[in-house]
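> Below are the sequence and a predicted model for it; my questions follow.
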Amino acid sequence: MTKKDLIKRLKWYYPLERSHAFITFPLIGIYLLFTNSFLDILFILYGLVLCVFILFQGQHYWKLKLNRLTGKAFDQNKNLMFFRKSKRNNLFMIGLIPLVFIIQLYFSNWEVKTENLMLWAIIANVFGILEHINYYNRQLMIDNTSDLNYVIRNRKLKIASLAKDLLENKI
């Protein structure tokens, strides 16, 4: 893939991730808060916050990759530290998912109710976990033919770009 192709792809990834982090998921959360009791939607809100937190990291990463390719300067060490801390924070937040689930059940008198959107809450929390894996472990998103060819040829998922960059200590 040429540098021009990479720049074109990143000019698509970066705004998409940014719009999800700053518009899509926050608007869903705001809508839910206006239409439901906070105690009924605690678990889904937690999943949305987790998603926003991880999508923020993703959009920041794609912005840095685009900056690297277009020659814009940035503090590499500061950003590597940001991603290392974010990874630890993600894992902590993911570890809290069962606790938030139990708290949601407690507020619901230990019943799964339609008011608390439990299926959507589970989906939101799982999506947050998958986003973390997609950025910090394995590339789960197969969005072009070269990704598909890699998976077919190697019968495994690629190591995530951010994971490689953290291992190599460079962005």
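All right, it came through fine.

> Pull the residues that contact the helix or strand of the chain with the lowest mean pLDDT.
Lowest on mean pLDDT, DSSP states H and E among the helices and strands of the chain sits helix 145-154, with a mean of 73. Residues outside helix 145-154 that contact it (CB atoms under 8 Å, 6 or more residues apart in numbering) are 1, 139, 141-142, 157-158. C-betas here are computed from N, CA, C, even on glycine.

> Lowest-confidence one in those?
Confidence by pLDDT is poorest for residue 1 among these, given 71.

> quick one: that residue from residue 59, how far?
Distance of residue 1 to residue 59, computed by CB to CB, to the nearest Å: 21 Å.

> With secondary structure and distance to residue 51 added, can I get the contacts of helix 145-154 in CSV?
Compiled in CSV, the contacts of helix 145-154 are given as follows (DSSP: H, G, I helix; E, B strand; the rest coil; distance: CB to CB, whole Å):
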residue, secondary structure, distance to residue 51
1, coil, 28
139, coil, 18
141, coil, 14
142, coil, 20
157, coil, 21
158, coil, 22
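
> Show me how to select, in ChimeraX, the buried members of these.
This is how ChimeraX selects the buried members of the contacts of helix 145-154, with burial counted by 16 or more other CB atoms under 10 Å:
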select :139,157,158
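
> and the two most separated of the contacts of helix 145-154?
Longest distance between any two of these is 18.1 Å, between 1 and 157; criterion CB to CB.

> which residues touch residue 82?
With CB under 8 Å, 6+ apart, residue 82 has these contacts: residue 60.

> can you do 6 Å?
By CB atoms under 6 Å, 6 or more residues apart in numbering, the contact list for residue 82 is empty.

> did I read that right, it in a strand?
No. Applying DSSP: H, G, I helix; E, B strand; the rest coil, one finds residue 82 to be helix, outside a strand.

> Next one: it from residue 171, what distance?
Residue 82 is 10 Å from residue 171, where distance means CB to CB.

> what about the residue of the chain most remote from its centre, helix or strand, and which?
For the chain, the residue at maximal distance from the C-alpha centroid (CA atoms, centre = their mean) is residue 109, at 31.1 Å. In the assignment (DSSP states H and E), residue 109 maps to no helix and no strand.

> could I have the host helix or strand of residue 8 exported to PDB, CA atoms only?
Here residue 8, judged by DSSP H and E, is contained in helix 3-19. These are the backbone C-alpha positions of helix 3-19, laid out as PDB (Å, rounded to 0.1, in the frame of the first residue of the first chain):
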ATOM      1  CA  LYS A   3       1.800   6.400   1.400                       C
ATOM      2  CA  LYS A   4      -0.900   8.200  -0.600                       C
ATOM      3  CA  ASP A   5      -3.300   5.200  -0.100                       C
ATOM      4  CA  LEU A   6      -2.600   5.200   3.700                       C
ATOM      5  CA  ILE A   7      -3.200   8.900   4.000                       C
ATOM      6  CA  LYS A   8      -6.500   8.500   2.100                       C
ATOM      7  CA  ARG A   9      -7.500   5.700   4.400                       C
ATOM      8  CA  LEU A  10      -6.600   7.600   7.500                       C
ATOM      9  CA  LYS A  11      -8.500  10.600   6.400                       C
ATOM     10  CA  TRP A  12     -11.500   8.300   6.400                       C
ATOM     11  CA  TYR A  13     -10.700   6.400   9.700                       C
ATOM     12  CA  TYR A  14      -9.900   9.500  11.800                       C
ATOM     13  CA  PRO A  15     -13.100  11.500  11.200                       C
ATOM     14  CA  LEU A  16     -15.300   8.400  11.500                       C
ATOM     15  CA  GLU A  17     -13.800   7.400  14.900                       C
ATOM     16  CA  ARG A  18     -13.900  11.000  16.000                       C
ATOM     17  CA  SER A  19     -17.600  11.300  15.200                       C
END
